[in-house]
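Visitor: This is the structure alone, sequence omitted:
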RNA sequence: CGCAGGGUAGAGCAGUCUGGUAGCUCGUCGGGCUCAUAACCCGGAGGACGUGGGUUCAAAUCCCACCCCUGCAA
């Protein structure tokens, strides 16, 4: 079976690796073109491109997959099936019509919930206690296609976007391999349509999504820290120009009778912040232009005292 | 050639503008106090101030080059 793989980010890697490990015939890898990025405007390969080249696979990087030129390339490649994971562009119907066995996508949520670009992040931000992966047939909509199978898992209090992405990527890779192994010949696998009435949307995060509002309950701020861990990070300000990312924290049940955002320091090493409801203990923090550090180092180096405030 | 901050003791930072004995909060080691401590008191060890060159009587500090780290932006 001739498989064309499409993916871009880290999330797609375990699936690509699994396909290689199970000796599927991968006729090519499609990933987004790399663009000048990072400090100094450097150009870095997408994770999928780097991995694809490592396996000596042919890598395609069309500017837009819907452009006629790429569709033509695709026809010549004549894949039996297209496997998609975190690719980053919507696929046009003209493209979906090409592979006889269809186009399957791995999505890190329990569809129809959390359709869109940032399902894992929003799942955490909203404080969900369970999530999962969905393997589905791609249609022209955004994550609206028929569901082939799903697998749910519990979300732990220590889970962040980083750990969940890793867990779901591996879980999904296994599922996908099983589906490919059980494929009927020359037609798409069986699937059932989504209950569109229950759909929710998880749009790409913006930088502003990471801005901490200390009026919120400690648990919600904690969820924000977990959900924005990959990007943009949950941030606040110590002064007008000192921006800080809260990297790790823990909600505490006790209540401080001071305005939200006020710091309470115990024994020069425990950093508590008053919130709208409950208290947030900050464990790891990163001041702008500095490396990640423990709360204790932050307190010592920045000479913090009870009564200082996060803005 | 995107914008910016940084590299000083094991950690986090000040000192650099205005050159003149290496500092702060911790940690660590030793001692003391206490029923007790992540508490408190006393004392000690621990630094080629990122690297190389230059200016100077004198450089962490001023000048030049390079290496490394990070935030923003994408």
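Guide: In hand now; what should we look at? Just so it is clear, the model here is predicted, and its values are computed rather than measured.

Visitor: Up against RNA strand B, what does the stretch 1-150 of chain A have?
Guide: A:35, A:36, A:37, A:38, A:39, A:40, A:41 (C-beta under 7 Å from any atom of the strand). Quick note: C-beta positions are derived from backbone N, CA and C, even for glycine.

Visitor: Just give the nearest non-adjacent residue to the first one, would you?
Guide: Going back to what we said before, that points to residue A:35. Leaving aside its sequence neighbours, residue A:35 sits nearest to residue A:43 (C-beta to C-beta, 6 or more residues apart in numbering; 7.2 Å).

Visitor: what do you get for the second one?
Guide: Residue nearest to residue A:36 in three dimensions, not counting chain neighbours: residue A:43, with 5.5 Å by C-beta to C-beta, 6+ apart.

Visitor: Show the contacting residues for the one you found.
Guide: A:34, A:35, A:36, A:37 (C-beta atoms under 8 Å, 6 or more residues apart in numbering).

Visitor: And the residues you listed, which is closest to RNA strand B?
Guide: Of all these, RNA strand B sits closest to residue A:37, with 3.0 Å by C-beta to the nearest atom of the strand.

Visitor: Just say helix, strand or coil for residue A:75.
Guide: For residue A:75, the secondary structure call by DSSP: H, G, I helix; E, B strand; the rest coil comes out as helix.

Visitor: Show me which residues of the stretch 201-311 of chain A sit near RNA strand B.
Guide: With C-beta under 7 Å from any atom of the strand as the criterion, the stretch 201-311 of chain A comes near RNA strand B at residues A:207, A:231-233, A:235, A:243, A:245, A:267-270, A:286-291, A:293-294, A:296-303.

Visitor: Report the contact partners of the closest residue to RNA strand B within the stretch 201-311 of chain A.
Guide: Nearest residue of the stretch 201-311 of chain A to RNA strand B: residue A:301, at 1.8 Å (C-beta to the nearest atom of the strand). Residues near residue A:301 by C-beta under 8 Å, 6+ apart: residue A:293.

Visitor: Could you rerun that using 10 Å?
Guide: Shown in contact with residue A:301 (C-beta atoms under 10 Å, 6 or more residues apart in numbering): A:287, A:290, A:293.

Visitor: show me where the stretch 51-200 of chain A has strands.
Guide: Remark: strands assigned in the stretch 51-200 of chain A by DSSP state E, counting those that start in this stretch are A:59-60, A:81-85, A:103-107, A:130-137, A:147-154.

Visitor: can I get those in TSV with mean pLDDT, mean neighbour count and distance to residue A:25?
Guide: Listed next are those as TSV, based on pLDDT from 0 to 100; neighbours: other C-beta atoms under 10 Å; distance: least, C-beta to C-beta, whole Å:
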stretch	mean pLDDT	mean neighbour count	distance to residue A:25
strand A:59-60	96	18	16
strand A:81-85	97	24	10
strand A:103-107	98	25	16
strand A:130-137	98	22	19
strand A:147-154	98	15	20
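
Visitor: which one of these lies closest to residue A:224?
Guide: strand A:130-137 (16.6 Å; C-beta to C-beta).

Visitor: Tell me where the stretch 201-311 of chain A has helices.
Guide: For the stretch 201-311 of chain A, the helices defined by DSSP state H, counting those that start in this stretch cover A:218-227, A:295-301.
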